[in-house]
Structures are given as C-alpha cells and as structure tokens.
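K.L.:
missing the sequence, but the structure's below:
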C-alpha cells in the first residue's frame, strides 16, 4: 500500500493522505469485513504513526482510543471478516491453493523434458518456450503465496504479471518455428522470407510484451490509473491477437503452396542412412504448430474479453473458466511442442538433424 510505503520513507504527510483514503474504503465495507479486519486495522495503525510523527500527538492519541474501543466492542470476533477474509482482497473470492500448486507442478513437469530435448537437439530457438514455462511456473507459485497472503499487493502483482505476460514467449517460439519450416522446406513458396517472418512477428511479440507488462504494472501503482492500465493491457493483448491472426494467415498461405514439398532429409544415428521425408513429417510439425498457435489465440481472445470488463469482474472470479481458457490453452501449446519437438523434424544450424543424427 502506498500509504505504508511513504510512511516508511518518512514522508508522513503523503502517507496520511493515502492511509485516510484506504481507511475510509475499508470502513465503508465494515458490514462485510467487520470494523477490525486486518486491512482496516493496518491502515489505522499506519495513520496513527503518520499523525504522531508529524507532531500531532493529541490527534494520534484520539485515534488510538478509537482503535481500542473498536477492538473491545468486537470481543473474540474482532479479526473475523463477516464474509471471509478474501472479500476485500484483490481476488474478491477465495481462490484454490490446490489448483495453483497443481498448475505449478504441471509446468515443472513440462520444464524438465523441454530443457533436455533442447539441449540434445541443440535447438536453441526453443529457449523462448523454456522461458515461458519458467515464468508460468513461478507465476503459479506466486499465486499460491498470494492466496495465503490475500491482502498482499506485491504477491498479487507478481502472479498476475507473470501469468498474463509469459505466453508471449510461447508465441515467439511458434513464430521462430514457422520461419525455420519455411527455411528448410520451401523458402520460395512463402510470401515472406524466413528471416523476415522471425524478425517481424518476434518484434511484434516484444512490443506486445512491454505493452502488457506496462499495463499490468500501472494497475498496482495508483488506483486512479486503473482505467488507463486496463486500456493498455487490452491494447497489448489486441496487438498479440492481430499478430497471431497475420501469422496464421501467412502459415496457411505457405502450407497451401508447399504442401507437396518433401522437406529436409532425416538421418538415423544408428545406420547413417537418410530417410526422405515424403510421408509428411514436416507437415505433422506444421499441424502441431498451427493447433498450438490457435490455443494461444483462444487464450488471448479470452483475456481481452475478461479485461474489457475491468480487473474485477465475474469472469475473473470464475476460476474454473480462467484455468480452462488460460492455463489449459498455454499448457496444451507447450505440450504439443514437446510431443512433436521441432528437433525431430528440422536440421540444426550445424547442418545435421537436431535429434535424429548428423551428416
């Protein structure tokens, strides 16, 4: 809370302004929280300190007496919110700790084989996917911690930012994979060269990353910036959707022109014999790529619909829906890239096949 921050920095006049605003907000919901809920008493204690440190001792003593009266009136129930401790948290409902831990565990399970496959294949372009998994893993761990500390703005901000922004790295991986498919299968069949594809779409992804990160951060800096932060978040997500739509259109144009191309040869390490890719190995990778991209697109559209109603809305409080259309979609895209890892299908930069062997 900004009031506590300014008070800790010795700027008591600024702290008093924010703490009085916070206390008024909490007292307005005393019928739900009770007059001695932890956030209410925390604001009251901060206000007492800020007033006392400005030399207004009598006013501070009056605030102390008022706090004591409220505590005595509440008796044994003094710290029990009347509608659950999450009613005035940033969640506005009680999220599931088990769901957050399960999500973190699933991302960790994905992380280990992704790292192993990337190292074995020397497919360094998959590092962006690994970053996505790590960010999601940390995001859901932070969500668990945020649920255990429902009044902590810091933990809520960390989990929200990581979970919202990290799929950008999954999208970047998909853009790079399409560029490498174009490069190794039929460079002349694509409307854009593989280098342009990577630079154009990854560049757009970076822009989307910073826009979404900025929007997510502004929400927690000042209440008056809520509408601005929401608009920025929506713009960032809309940018990602536009980029994905163009990406999918380009992918389909390329596929329609190159579907008869055999693609690169695969050399088996045991025999050294070349296996001509005429049975559609690169096409299977392409299908996996498109399905994963559609999953990320669905997730982005869902987030746009969600945040178009503000940060606090019925969709946000529907945890099952959020996990279905965010967590499940991102996990599906990353799982597909593991089941059909590009290292099995595309040559690495050293000229050999990433996993099947080397020439």
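P.N.:
Received, thanks. Worth saying up front: this structure is predicted, and the values here are computed from it rather than measured.
K.L.:
now the stretch 251-359 of the chain, which segments are flagged as low pLDDT?
P.N.:
The model of the stretch 251-359 of the chain has pLDDT under 70 over residues 263-280, 310-312, 347-359.
K.L.:
rerun at 50
P.N.:
265-279, 350-359 (pLDDT under 50).
K.L.:
just so I have it, where are all the strands in it?
P.N.:
All strands of the stretch 251-359 of the chain, identified by DSSP state E, counting those that start in this stretch, fall at 266-267, 274-275.
K.L.:
quick one: the helices in this protein, in order.
P.N.:
Counting by DSSP state H, the chain has helices at residues 2-8, 12-28, 30-33, 38-53, 57-74, 97-121, 127-148, 153-165, 167-185, 194-219, 226-258, 281-307, 319-322, 328-339.
K.L.:
would you mind getting the angle between the fourth one and helix 57-74?
P.N.:
The reference is to helix 38-53. Between helix 38-53 and helix 57-74, the angle comes out at 160 degrees (axes from the mean of the first three to the mean of the last three Cα atoms, to 10 degrees).
K.L.:
tell me the contacts of residue 253?
P.N.:
190-191 (Cβ atoms under 8 Å, 6 or more residues apart in numbering). The C-beta positions use only the backbone N, C-alpha and C, and glycine is treated the same way.
K.L.:
check what pLDDT the residue nearest to residue 151 when sequence neighbours are not counted gets.
P.N.:
Of all residues not flanking residue 151 in the chain, residue 39 sits nearest, at 5.2 Å (Cβ to Cβ, 6 or more residues apart in numbering). Residue 39 is assigned 70 on the pLDDT scale.
K.L.:
re the thing from before, most packed of the helices of the chain?
P.N.:
Here the criterion is mean neighbour count by mean count of other Cβ atoms under 10 Å, and of the helices of the chain the winner is helix 167-185, at a mean of 25.
K.L.:
which elements pack onto it?
P.N.:
In terms of contacts (3 or more Cβ pairs under 8 Å, 6 or more residues apart in numbering; DSSP states H and E), helix 167-185 is packed against helix 127-148, helix 194-219, helix 226-258, helix 281-307, helix 328-339.
K.L.:
and the fourth one with helix 167-185, angle?
P.N.:
Compare the direction of helix 281-307 with that of helix 167-185 by the same axes, to 10 degrees and you get 160 degrees.
K.L.:
from here on, count from 673
P.N.:
Happy to do that; since the first residue is 673 now, the last one works out to helix 953-979.
K.L.:
now do helix 953-979: distance to the chain's middle.
P.N.:
16 Å (Cα atoms, centre = their mean, to the nearest Å).
K.L.:
quick one, it and helix 1000-1011 angle?
P.N.:
160 degrees.
K.L.:
quick one: work out the angle between helix 953-979 and helix 799-820.
P.N.:
Counting by the same axes, to 10 degrees, helix 953-979 points 30 degrees away from the direction of helix 799-820.
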